[in-house]
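Asks: here's a sequence, model it:
(one chain, ligands or ions: 1)
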Amino acid sequence: MHKHVIRALFALLVASGTLAAQPRTADPVKRGLQLTDFPRVVKLATDVYGYEEIRQPGFTTVSMIVVGKNGVLIADGQGNTAATQTMLDKIRAITPLPVKWYVVGSDHGDHTAGNAVLPKDITYVVHAASRAQLVRDSAAAAATGRAGAAPRVVIVPPVAMSGDEQTIDVGGIGVSVRFLGRAHTGGDLSVYIPRDKILFMSEAYLNRVFPAMRSAFPSEWIATVDRALALDVRRFIPGHGFIEESAASREELVAFRKALVDVIAEVKRLHALGLSADDAIKQASWGPYKDWFIADQQAPVAVRKIYDEIDGKLPPR
Ligand SMILES: [Zn+2]
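Replies: Presented below is the predicted three-dimensional model:
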């Protein structure tokens with residue numbers, strides 16, 4: 001067959017869903033998407049949506065939106081006020097109901113730095129560890145404010161959740177916010193919707209993104225993923241990387257768990273050889289994970305963090 005015909009046929013099969021398998025990557029271009037396709041709203045169930053926005057260096061930052069009769073719940077925001085405002089505008093196109101709840105799945109700036117544009121009377125659900133981090137970030141932002149520049153505003157929720165679970169009735173849809181253990185930040189919250197068996201995991205699940213460990217608890221992160229996998233869940237939603245269909249979402253979470261296991265094992269091997277962290281960074285062999293998004297940037301960070309864990313330098317629970 002002529003090459004063009006084959007290519008056209010292939011495109012047709014992909015478009016028709018016959019070749020449904022997406023390439024397993026966080027790279028939009030490799031998945032055949034244009035950056036102008038974003039931000040985009042992905043329907044997950046009736047009145048439940050994922051929200052994918054592209055951030056630098058080119059992968060998605062994911063939020064979840066639950067539209068109940070009592071108002072709207074957001075799990076995680078975006079990385080600046082313009083991006084979060086765009087998300088609010090997209091929500092406004094879905095429903096006139098007010099945004100009433102915000103779950104801090106991750107306290108990192110790429111998910112919280114736009115929170116200043118959220119409604120002033122919004123109810124935050126935040127783990128104590130994440131609230132404490134936001135207090136520190138707020139103080140740091142105030143201290144580094146430059147004369148003449150608009151100050152960076154870090155919103156600090158008034159109170160932290162007590163305990164490891166909080167249920168919210170958004171009206172017709174019950175939402176259960178869970179702390180499943182320390183993972184990417186230490187205050188990691190997941191949002192579980194039993195009705196639809198959906199679990200939004202924020203940054204505890206990075207889909208085809210190299211395990212980012214700047215403020216992580218490496219071994220505990222594996223246990224946290226195991227608790228997520230043990231729940232009655234059909235579809236797992238990541239904090240970065242693409243939202244997958246149900247079956248692929250579990251496969252990819254299992255693949256991400258394996259990445260955590262393999263990365264930690266490789267660093268333990270190098271530590272046992274007596275190498276310094278600097279030498280371990282040079283000698284590490286990451287196998288397939290060297291091709292995952294931001295591996296170059298995050299691999300050295302992971303080595304240092306796992307060294308800290310082995311050497312007992314991480315903060316106790
Ligand atoms: Zn993060």
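
Asks: which ones are touching whichever residue of the stretch 101-250 of the chain sits closest to the ion?
Replies: The nearest approach of the stretch 101-250 of the chain to the ion comes at His108, 3.5 Å away (CB to the ion). In this view, the C-beta of every residue, glycine as well, is placed from N, C-alpha and C. Taking CB atoms under 8 Å, 6 or more residues apart in numbering, we find His108 in contact with His184, Thr185, Glu203, Ser215.

Asks: so the last one sits against Thr185, correct?
Replies: Yes. Under the criterion of CB atoms under 8 Å, Ser215 lies in contact with Thr185, with a separation of 5.4 Å.

Asks: between those two, what contacts are shared?
Replies: Overlap of the contact sets of Ser215 and Thr185 (by CB under 8 Å, 6+ apart) consists of His108, Gln133.

Asks: of these two, who's got more company?
Replies: Between Ser215 and Thr185, Thr185 has the larger neighbour count (other CB atoms under 10 Å), namely 24 against 19.

Asks: what number of residues lie near Val41?
Replies: A count of nearby residues for Val41, using other CB under 10 Å, gives 16.

Asks: so it is in contact with Ile94, correct?
Replies: Yes. With contacts counted by CB under 8 Å, Val41 reaches Ile94, the gap being 7.4 Å.

Asks: now for these two: what residues contact both?
Replies: Common neighbours of Val41 and Ile94 (CB under 8 Å, 6+ apart) are Tyr49, Ile65.

Asks: which ones are touching Ala82?
Replies: Applying CB under 8 Å, 6+ apart, the residues near Ala82 are Gly114.

Asks: kindly recompute the last result at 10 Å.
Replies: Gly114, Val117 (CB atoms under 10 Å, 6 or more residues apart in numbering).

Asks: just the strands in the stretch 1-150 of the chain please.
Replies: 40-45, 48-55, 59-68, 71-75, 99-103, 123-125 (DSSP state E, counting those that start in this stretch).

Asks: what is the first one packed up against?
Replies: Translated: strand 40-45. Secondary-structure packing of strand 40-45 (3 or more CB pairs under 10 Å, 6 or more residues apart in numbering; DSSP states H and E): strand 48-55, strand 59-68, helix 81-94, strand 198-200, strand 235-237.
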